[in-house]
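Student: I'll drop the sequence and a predicted model, then ask my questions.
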Amino acid sequence: MDFLNELKNLKKQVFFEEKLEIPRNYDKIVIAGMGGSGIAGKIFQEMYTDKPVFALDDYHIPEFADEKTMFVAMSYSGNTEEVIAATREAIQRGCSVSALTSGGELESIVENVIKVPSGLQPRSSLGYMLMPLINSFLKVSSEAIRKAGDLLDDLDSRNEWIKEEAEKIFERELIPVVYGFSPYRSIAYRWKTQFNENAKVMAFSNYFPELDHNEIIPLKQTYRKDQFRFYTFGCSTDNRITKRIHATGRVSGIELEHVETPGESLVEKMFYLIHYGDYLTYHLANLRKIDPMDVSAIEDLKKILKG
């Protein structure tokens, strides 16, 4: 499957109906995952607020993880060494352990496994990794899921204006900076990582209101400010955040490109923004004449670590 078809596969993934096995007695959730697999845990952490959720991207689980912890291991390949190490610790601690994976070692060490379809780049499996969490913990209507799928289908059919935006980055060799806000902070980070992996360019992300307590200072006074392209999302329901976004632009003198978001529900807006970033970085990769699927630097690193 080529990378464009991988992107288009997302509209199929939102209809993935699998659910995790929920333990009877748990009071917190730890979700372990790295890179393209782990972003699903970060996004879910912002969406779900009924119980504490800790998104883990390291080798070791936190000290508070115990027999009342629901632990979800997320590794598309099933062989991510950080996730494997954390999962083994979780099993030793007596956590209730589940896994989302296409196979690998993770499938062999965890009893409760949701198998996801193989053959994709890990970052292209976001829907498969995220939907079981949404299905298990959040009350999202089938109508909202259907509308989210329709929005993705529309983007697959028409995204010329996104290519035009990619051309602005390419022509001036700009560095993308993406500013999110709750509950879209992790989606801003997803854009950053898609720029990294797909388009092979440096990119940065931050979020309101925190950035107004530090990053606004260099936004006003840094050198080479004209070499950045600043993005934010036009879907805040908090007037305080909206006011901050506009005030930040005025104080710092930067031009923030607002990405408007259709849809009514959180899941619609969220998947639209994810897919917008997918296409923006895909088009930039094409303009740079590089392969968006190439992750050879990561594979080289793994070889060195195993040596």
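Tutor: Nice, thanks for sending it over.

Student: report whether the expected contact of Phe230 with Gly253 is present.
Tutor: No - if you go by Cβ atoms under 8 Å, Phe230 and Gly253 don't touch, sitting 11.0 Å apart. In this view, the C-beta of every residue, glycine as well, is placed from N, C-alpha and C.

Student: ok, those two, which is more surrounded?
Tutor: Remark: of Phe230 and Gly253, Phe230 carries more neighbours, 21 against 10, as counted by other Cβ atoms under 10 Å.

Student: what's the burial count for Tyr48?
Tutor: 17.

Student: backbone torsions only: list them for it.
Tutor: Main-chain dihedrals, Tyr48, degrees, to the nearest 10: phi -110, psi 120.

Student: Ile114 now?
Tutor: Phi and psi for Ile114, reported as degrees, to the nearest 10, are phi -100, psi 120.

Student: same deal with Thr261?
Tutor: phi -130, psi 110.

Student: ok, it to Glu268 distance?
Tutor: For Thr261, the distance to Glu268 equals 8 Å [Cβ to Cβ, to the nearest Å].

Student: with Asn5 instead?
Tutor: Using Cβ to Cβ, Asn5 is found at 23 Å from Glu268.

Student: of these two, give the one with the bigger neighbour count.
Tutor: Higher neighbour count among Asn5 and Glu268: Glu268, with 25 against 11, using other Cβ under 10 Å.

Student: surely that one forms part of a helix?
Tutor: Yes - counting by DSSP: H, G, I helix; E, B strand; the rest coil, one finds Glu268 located in a helix.

Student: and the gap between the residue lying closest to it once chain neighbours are set aside and Asp278?
Tutor: Excluding the flanking residues, the one nearest Glu268 by Cβ to Cβ, 6 or more residues apart in numbering is Ala148, at 4.6 Å. To Asp278, Ala148 is 14 Å away according to Cβ to Cβ.

Student: over to Leu120?
Tutor: To Asp278, Leu120 is 13 Å away according to Cβ to Cβ.

Student: so for those two, which sits in the more crowded spot?
Tutor: Shown here are Leu120 and Asp278; by other Cβ under 10 Å, Asp278 has more neighbours (27 against 20).

Student: and the helix or strand harbouring the more buried one, how far out from the chain's middle?
Tutor: Using DSSP states H and E, Asp278 falls within helix 266-287. Helix 266-287 sits 11 Å away from the centroid of its parent chain (Cα atoms, centre = their mean, to the nearest Å).

Student: show me which positions of it end up buried.
Tutor: Of the residues in helix 266-287, those buried by neighbour count under the rule 16 or more other Cβ atoms under 10 Å are 266-286.
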